[in-house]
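> Quick one: sequence plus predicted model below, questions after.
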Amino acid sequence: MALQGAELGLAWAAPFAGLLLSIAVMPLAAPAFWHHHFGKIAAAWTVALLLPFTLVFGAGETGHVLVHTLVEEYLPFTILLGALYTTAGGIFIRGNLHGSPALNAGLMALGAVLASFMGTTGASMLLIRPLIRANDNRRHNAHVVVFFIFIVSNVGGSLTPLGDPPLFLGFLQGVGFFWTASQLWGETLFLLVSLLAVFCAVDAWLYRKEGVTRADPTPDTPRLGLEGSINLLPLAVAVGLVLMSGTWKPGIVFDLWGTSLPLQALVRDLGLLAVTAASLWITPAGVREKNQFSWAPMQEVAKLFIAIFLTMVPVIAMLKAGPAGVFAPLAALLTGADGQPSPAAYFWLTGGLSSVLDNAPTYLAFFNLAGGNAARLMTEGAPVLAAISGGAVFMGAMTYIGNAPNFMVKAIAEERGVKMPSFGGYLLWSSAVLLPLLFVMASIWMH
């Protein structure tokens with residue numbers, strides 16, 4: 001039986017709020033402690049939810065929640081992320097690019113194009129390392145990674161179900177493969193062009209002000225090239241498996257303690273595990289070392305996101321309860337004075353919550369609040385579905401935890417010595433740069 005959000009009070013959101021506060025504050029207040037114990041802290045907040053949950057709802061319901069979260073959400077999420085991280089990490093872009101504003105913007109534009117075909121995670125993992133190397137002789141380079149997260153890890157994935165997990169969930173619910181591209185191309189183009197223009201202005205100013213401030217630690221090479229390009233094959237297989245799971249419907253469903261596991265999802269996840277193993281096997285010796293590849297960023301995401309997925313279960317349930325739950329005032333905002341759904345409200349509420357909840361389940365919550373019928377939402381409800389899609393994808397860039405690639409890119413950058421902004425510092429960047437552009441975009445399209 002599904003958890004009834006209407007029966008839950010706000011206290012059930014406390015562990016999730018505590019986890020978010022820990023992620024936001026502790027890396028700044030106690031960086032060494034957080035670095036060594038973030039997994040234990042995340043586990044403690046998870047236990048803070050599961051213990052009272054078991055006492056109130058019983059071990060059976062707790063087990064159902066655990067299985068459902070693991071099977072339907074966390075494992076597919078982590079397996080896909082791991083496959084893309086591993087395959088992209090086995091591709092080394094040889095050569096020392098020099099991080100001028102034009103080159104940086106060009107790499108980000110390329111990443112934005114790739115993101116809708118190989119996912120924001122795949123594009124981010126492929127290009128973040130050469131971008132960091134290109135700027136490793138500059139004193140101020142954290143802003144380059146921040147804009148990369150905006151452009152490649154989020155906005156660039158807004159056109160296809162392959163681009164970003166929320167759109168893939170919509171695809172699984174019956175939204176057409178090319179529907180989002182047909183609806184959001186204008187908004188996406190506006191944001192990409194605007195973000196690239198702002199980045200070029202900021203980067204050019206800093207570049208002129210500081211120049212090259214230290215010796216380049218990356219030696220020049222005679223020519224550019226790809227090493228480990230054999231990994232393009234498993235990367236393509238990973239994308240194909242994701243696409244297959246949304247188009248092949250054999251109708252065979254396994255039941256795991258009340259949680260449905262369709263055959264196509266099982267085949268996809270087993271296939272992605274095989275892709276990960278194949279990538280590790282076929283990558284030529286030394287390529288990952290040149291990439292300074294390590295499992296630390298993947299481990300950090302895996303540990304934090306299992307806690308995020310579990311502690312936000314009651315929050316998502318309360319959202320889905322709509323007018324019957326504690327978030328009834330929010331649900332009331334989704335309808336205008338004329339009684340019709342408000343695309344602007346759906347955009348800002350979906351986006352605002354996607355900034356602090358993972359954007360994939362947030363998309364699904366508002367998709368259901370809007371009626372949950374893909375055929376109707378793609379036609380008469382098209383403005384609302386476009387607003388939900390844009391809110392989830394675009395505003396997943398507002399915080400480090402809005403979208404999984406954000407956190408992975410941050411972890412990789414910090415591992416390479418880039419002094420990334422704290423959780424609050426990043427929020428200042430997104431509020432100063434991205435939020436005004438979203439207001440302009442919403443005033444033109446989301447009404």
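That came through, no problem.

> show me where the stretch 301-447 of the chain has helices.
Secondary structure of the stretch 301-447 of the chain (DSSP state H, counting those that start in this stretch): helices at 313-320, 328-333, 343-354, 359-369, 374-377, 382-394, 404-415, 423-429, 435-445.

> Can you list the buried residues in the longest one?
In other words, helix 382-394. The neighbour-count check on helix 382-394 (16 or more other Cβ atoms under 10 Å) flags Pro383, Val384, Leu385, Ala386, Ala387, Ile388, Ser389, Gly390, Gly391, Ala392, Val393, Phe394 as buried. C-beta here means a position set from N, CA and C on the backbone, and glycine is covered the same way.

> List the contacts of that helix.
With contacts defined as Cβ atoms under 8 Å, 6 or more residues apart in numbering, helix 382-394 is touched by 154-155, 157-158, 163-164, 166-167, 170, 175, 180, 183-184, 187, 191, 341, 343-344, 346-352, 354, 359-360, 362-363, 366-367, 370, 377-378, 434, 438, 441, 445-446.

> how far off helix 359-369 does that helix point, in degrees?
160 degrees (axes from the mean of the first three to the mean of the last three Cα atoms, to 10 degrees).

> contacting residues around the most centrally placed residue in the chain?
Central residue of the chain (Cα atoms, centre = their mean): Asn403, 2.2 Å from the mean position. Asn403 makes contacts with Thr120, Ser153, Asn154, Asp164, Pro165, Ser354, Asp358, Asn359, Gly396, Ala397, as judged by Cβ under 8 Å, 6+ apart.

> Ala302 versus that one, what's the distance?
15 Å (Cβ to Cβ, to the nearest Å).

> Contacts for the worst-scoring helix or strand of the chain on mean pLDDT next, please.
Using mean pLDDT, DSSP states H and E, the weakest-scoring helix or strand in the chain turns out to be strand 225-227, at a mean of 79. Contacts to strand 225-227, defined as Cβ under 8 Å, 6+ apart, come from residues Ile91, Phe92, Ile93, Arg94, Gly95, Pro284, Val287, Lys290.

> With distance to Phe77 and pLDDT added, can I get those residues in TSV?
Shown next, in TSV, are the contacts of strand 225-227 (distance: Cβ to Cβ, whole Å; pLDDT from 0 to 100):
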residue	distance to Phe77	pLDDT
Ile91	22	87
Phe92	26	85
Ile93	27	80
Arg94	32	77
Gly95	33	70
Pro284	29	91
Val287	26	88
Lys290	29	83
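
> Next step: those residues restricted to helices.
Secondary structure defined by DSSP state H assigns Val287, Lys290 of the contacts of strand 225-227 to helices.

> all strands for this protein, in order.
Using DSSP state E, the strands found in the chain span residues 92-94, 225-227, 253-256, 259-262.

> Single out the most deeply packed of those.
strand 92-94 (a mean of 20; mean count of other Cβ atoms under 10 Å).

> Show me what that strand pairs with in its sheet, parallel or antiparallel.
In the sheet, strand 92-94 lines up against strand 225-227 (antiparallel) (DSSP bridges).

> for the chain, which helix is longest?
helix 31-68.

> For that helix, enumerate the helices and strands it packs against.
helix 14-29, strand 259-262, helix 296-311, helix 313-320 (3 or more Cβ pairs under 8 Å, 6 or more residues apart in numbering; DSSP states H and E).
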